[in-house]
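> this one's sequence-less:
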């Protein structure tokens, strides 16, 4: 059935090449910039060949930034740590809360369960600032403003609906008969949950966790509104960094590279789960 | 019946009645979310108040004034216009481009799979950071894209810093980040289509444009709808890319709903107007998400039926 002409094959090849260039170029270019000194970056026309330097990364890691005006302290490593801490903790809390709830929604059709599940899902689609702006005023009163606990709580808005809906789908795919059989064998519901349901839904839980981590890591607006400098993750930190560091473009690029590497690595590692997770399990390929 | 058997055979120890159990399991998750429902209701209340953080003494209920004033407020109409324009342009372009790429990659081969994985990378980049990357590339001083623009005769192309090209620039970043999303959804859809109709059409020598418009496209429609609504919901609420790129500027060129609400809250400290803007945006997304969820559930059932 392969009746593709040479011309068509060439056109397809050209189109694909253009697609790859468009989507890959920015990442490659920023990666290259992160190994350049300001001097080579500012050269016109832009250089493809240059002597790579690790100075930008060492400046970020040691927290000392050399600028024309003198040394500048930067806390980018702090931002990176905040991102790691906030994302990991939020996902852990979300799994702890979300997996049992997902199990309840999948196995027990109790009164109002669909309504509650939908309400939780609708959080994913509501404008973030609708909730965030009043929350800043509440957080100030409650003393939660600019605390990790407050941020982790709000991050549940991103992680929980995702985990709930993906994991629920996986629990629903486990035939209820397997669980009944185990329970008739004289085991409690908790043993059944732990020994049968959890292991069978394991891949789904892992996928949901990974995806929630990526979304938490990439979030911008929550921390922009609720955190000040010492609690900000990389997404917000990098923006502040651009305005404060003047013209140290190499360091900015290095900061961006460090900030996007974890999610890109995770995405490549878990790519086969991503399709399902991104569509909330709507498309099972 | 099975349930009754289980009740009788239950071993001794930790007992929770079967009726209460689901509530116990889902309660913690619900409590966390109820804490989030409260600010939502607060937003509704604020939207009916004259409330400025800078003038707390003048705070009072003004009923619908915040909403009524929108009718005569050119800034509001600008916000609505820019938001719809942004959402419309990004979704249409991403849909066309995503569909085209999915069709190019449809055949399973090592190269195609490798490319489709590579294309996930922009999607996994935080949109705020993606905006910063493009900001560096479009810098008038050294940006590689500014240089390339000058090569094709666009001297002094000012990207996001000129009102005439700012929308184009942020739409471009949005396309870069989110086209892969549509692409992978449609690719999954394309690859899950039954092969018989296509084989039959090939045997009968049906022209390929006919196959595409009469077979592929109709069968792909549920996937296209899901992807479109998903993106539309996200795009009309876009904040990260626009804020990181231009903070709504230059001037009020890009003050979409969430950016305008943010600026109203933190710069002009007009909580009432900010809340009213968010309620209107919420109404739009609620309407869209209801359509979306219905369509998505249908697709989910279908996918489940096939599996």
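That came through, no problem. For clarity, every value in this text was computed on a predicted model and none was experimentally measured.

> pLDDT below threshold where in chain B?
For chain B, the stretches with pLDDT under 70 are B:1-18, B:300, B:303-307.

> the strands in it, which residues?
Secondary structure of chain B (DSSP state E): strands at B:49-50, B:60-61.

> and the last one, what does it pack onto?
Meaning strand B:60-61. Other elements packing on strand B:60-61 under the criterion 3 or more Cβ pairs under 8 Å, 6 or more residues apart in numbering or on different chains; DSSP states H and E are strand B:49-50. Quick note: C-beta positions are derived from backbone N, CA and C, even for glycine.

> tell me if the strand it packs on is near chain A.
No - remark: strand B:49-50 sits outside contact range of chain A, by Cβ under 8 Å from any Cβ of the partner chain, the gap being at least 11.6 Å.

> for residue A:50, pull up the helix or strand it's in.
When elements are assigned from DSSP states H and E, residue A:50 belongs to no helix and no strand.

> show the backbone phi and psi for it.
For residue A:50, the backbone dihedrals are phi -160, psi 170 (criterion: degrees, to the nearest 10).

> outline the domain layout of chain A.
For chain A, automatic domain parsing gives the domain ranges A:6-73, A:76-278.

> out of those, which one sits most buried?
For the domains of chain A, the largest average neighbour count (mean count of other Cβ atoms under 10 Å in any protein chain shown) is found in domain A:76-278, namely a mean of 20.

> that one: how far from the chain's middle?
Distance of domain A:76-278 from the chain centroid (Cα atoms, centre = their mean, to the nearest Å) equals 8 Å.

> follow-up on the earlier one: most tightly surrounded among the strands of chain B?
The most buried one of those (mean count of other Cβ under 10 Å) is strand B:49-50, showing a mean of 18.

> can I get the strands of chain B in a markdown table with distance to residue A:182?
Formatted as a markdown table, these follow (distance: least, Cβ to Cβ, whole Å):
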| stretch | distance to residue A:182 |
| --- | --- |
| strand B:49-50 | 56 |
| strand B:60-61 | 58 |
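
> closest to residue B:138 out of these?
For residue B:138, the closest of those is strand B:49-50, at 40.9 Å, according to Cβ to Cβ.

> show residues contacting the closest one.
Strand B:49-50 has contacts (Cβ atoms under 8 Å, 6 or more residues apart in numbering or on different chains) with B:58, B:59, B:60, B:61, B:62, B:65, B:66, B:271, B:272.

> mind running it again at 7 Å?
Under the contact criterion Cβ atoms under 7 Å, 6 or more residues apart in numbering or on different chains, strand B:49-50 has outside partners B:58, B:59, B:60, B:61, B:62, B:65, B:272.

> selecting buried members of those in PyMOL, what would you type?
To isolate the buried members of the contacts of strand B:49-50 in PyMOL, using 16 or more other Cβ atoms under 10 Å in any protein chain shown:
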select buried, chain B and resi 272
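
> and the contacts of strand B:49-50, which is closest to residue A:133?
residue B:272 (11.1 Å).

> tally of neighbours for the residue nearest to that closest one when sequence neighbours are not counted?
Nearest residue to residue B:272 in three dimensions, chain neighbours excluded: residue B:51, at 4.3 Å (Cβ to Cβ, 6 or more residues apart in numbering or on different chains). By other Cβ atoms under 10 Å in any protein chain shown, 23 other residues sit near residue B:51.

> quick check: residue B:51 touching residue B:274?
No - at 9.1 Å, residue B:51 does not count as touching residue B:274 under the criterion of Cβ atoms under 7 Å.

> quick check: closest non-adjacent residue to residue B:29.
Nearest to residue B:29 is residue A:101, by Cβ to Cβ, 6+ apart, at 3.9 Å.

> give me the pLDDT for the one you found.
We have a pLDDT of 87 for residue A:101.

> wait, it sits on residue B:27?
No - using Cβ under 7 Å, residue A:101 is not in contact with residue B:27, being 8.2 Å away.

> what do those two both touch?
Residues touching both residue A:101 and residue B:27 by Cβ under 7 Å, 6+ apart: none at all.

> now the helices: where do they sit in the stretch 51-200 of chain A?
Using DSSP state H, counting those that start in this stretch, the helices of the stretch 51-200 of chain A run over residues A:55-62, A:76-107, A:113-125, A:128-142, A:148-173, A:176-184, A:189-192, A:198-200.

> tell me what the fourth one is packed against?
When contacts are defined as 3 or more Cβ pairs under 7 Å, 6 or more residues apart in numbering or on different chains; DSSP states H and E, helix A:128-142 sits against helix A:221-226, helix B:21-47, helix B:257-266, helix B:271-306.

> for the second one, the distance to its chain's centre please.
Chain-centre distance of helix B:21-47: 23 Å, with Cα atoms, centre = their mean.

> same check on the longest one?
On the basis of Cα atoms, centre = their mean, helix B:271-306 is displaced by 11 Å from the centre of the chain it belongs to.

> okay, the angle between that helix and helix A:128-142?
Relative orientation of helix B:271-306 and helix A:128-142, computed by axes from the mean of the first three to the mean of the last three Cα atoms, to 10 degrees: 120 degrees.
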